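Asks: Below are the sequence and a predicted model; questions follow.
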Amino acid sequence: MKQGRRTSRIGTIARGSAMRAVLTIAASALFCLWGAVVAAQKSTEMFIPIGQSPGLVGKTSIGTIESVDIDAQEIVVVEGSARRTIRCTEHTQIWLDHSAAKKPNETGSLGSCQPNQRVEVKYVDNAKDGGVAEWIKVGEP
């Protein structure tokens, strides 16, 4: 009788199950790591100057405030030839970007927004037209 390597069906199934387990663990770890990166981006966003947020290119609008209606909780922003009415809610975060003056940024309010200020707006669900602002960064006048 020849002595050699024998492969059994049970061994093949065990190796396949082990490989699936390793891939599942790796995918889960990658998913958790991505979640941590997103959370880190959100927690540090207020400190990033207008227009310099990594990973948000095309997902924000940068323009100039045309008008502010505090009662209606709306800001009209001109971006190029487009005029956008941005709605704010109690969840909208407003940050004052003092990076040009080399000062720390701070939390602001809708009352901090004035015509002719440069702003960057991140919309909830990336819905720019008639969208609700997730956050607004307001530059120096």
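Replies: Thanks, I have the structure now.

Asks: which residues sit against stretch 114-128?
Replies: Identification of contacts with stretch 114-128 by CB atoms under 8 Å, 6 or more residues apart in numbering yields 45, 50-51, 53, 56, 59-68, 75, 77, 84, 86, 97, 113, 131-141. In short, each C-beta sits where N, CA and C put it, glycine included.

Asks: From the residues you listed, list the buried ones, please.
Replies: By neighbour count, with 16 or more other CB atoms under 10 Å, the contacts of stretch 114-128 hold 45, 50, 53, 60-61, 63, 65, 68, 75, 77, 84, 86, 97, 113, 131, 133-139 as buried.

Asks: Next one: Glu45 from Gly55, what distance?
Replies: Using CB to CB, to the nearest Å, one obtains 11 Å as the distance from Glu45 to Gly55.

Asks: List the strands paired with the longest strand seen in the chain, with their directions.
Replies: Ordering each strand of the chain by length in residues (DSSP state E) puts strand 60-69 first. Applying DSSP bridges to the sheet, strand 60-69 is found paired with strand 74-79 (antiparallel), strand 118-123 (antiparallel).

Asks: Let's test this: mean pLDDT of it, rounded?
Replies: Throughout strand 60-69, pLDDT has a mean value of 94.

Asks: Kindly report the same for stretch 134-141.
Replies: On average, stretch 134-141 scores 90.

Asks: what's the answer for stretch 46-53, then?
Replies: Mean predicted confidence for stretch 46-53 is 85.

Asks: outside of it, which residues touch it?
Replies: 41, 45, 60, 62, 93, 95, 97, 99-100, 104-105, 107, 118-120, 122, 135, 137, 139.

Asks: Endpoints of that stretch, how far apart?
Replies: 10 Å (CA to CA, to the nearest Å).
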